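Colleague: Sequence first, predicted model second:
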Amino acid sequence: MAETNHTTGGTSDLGAARAALRDQLQARGYDVASDTLGLRSDLYVIGENDLARALFEFKPTADEAVASMYQGMWMPNMPPRFAVLPAADTNDSSTEMLEQIRVIPLYFEIDETGGIGFPDLDALLHQYLGE
């Protein structure tokens, strides 16, 4: 699932980010699931009665997150939605629109060894999942 990031001109391996986030959520004790048919790359944290507690969508840019996640209606009682984005998009002007449509940006960084980290993950989990 390599995707070109048109904002930076670089390539972000969203598949590697997805695997890293799954591992990090599971390491924190969350049950994580995804589309069993493999048609979508989203992950979600399983909650009570097998309902989603949080949804994570992987996007190559903030612009694409806005375009694809600004569909339908998201009610306040629904689980939080996270747009998982390359850290290069941290200051992208589209992040303001993400906030307006109740999408929480979660940025990932790739270190010099190819390791993927999510610097704000613990703070966001605490804020939105109360953990």
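Modeller: That came through, no problem. Numbers count the residues shown, from 1 in each chain.
Colleague: list the contacts for residue 79?
Modeller: 44, 45, 47, 51, 52, 53, 54, 55 (C-beta atoms under 8 Å, 6 or more residues apart in numbering). All C-beta atoms are positioned from the backbone trio N, CA, C, and that covers glycine.
Colleague: let's see 10 Å
Modeller: Under the criterion of C-beta atoms under 10 Å, 6 or more residues apart in numbering, the neighbours of residue 79 are 44, 45, 47, 51, 52, 53, 54, 55, 128, 129.
Colleague: Let me know whether the fifth one touches residue 129 as I believe.
Modeller: Yep, that's residue 52 we're talking about. No. Using C-beta atoms under 10 Å, residue 52 and residue 129 do not qualify as a contacting pair, with a distance of 11.2 Å.
Colleague: Which neighbours do these two have in common?
Modeller: Residues touching both residue 52 and residue 129 comprise 45, 79, 80, with contact defined as C-beta under 10 Å, 6+ apart.
Colleague: Same list (the contacts of residue 79) but as a markdown table, adding secondary structure, pLDDT and distance to residue 67.
Modeller: Putting these into a markdown table (DSSP: H, G, I helix; E, B strand; the rest coil; pLDDT from 0 to 100; distance: C-beta to C-beta, whole Å) gives the following:
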| residue | secondary structure | pLDDT | distance to residue 67 |
| --- | --- | --- | --- |
| 44 | strand | 93 | 21 |
| 45 | strand | 95 | 25 |
| 47 | coil | 90 | 28 |
| 51 | coil | 89 | 27 |
| 52 | strand | 90 | 22 |
| 53 | strand | 94 | 25 |
| 54 | strand | 95 | 21 |
| 55 | strand | 94 | 17 |
| 128 | helix | 93 | 23 |
| 129 | helix | 93 | 26 |
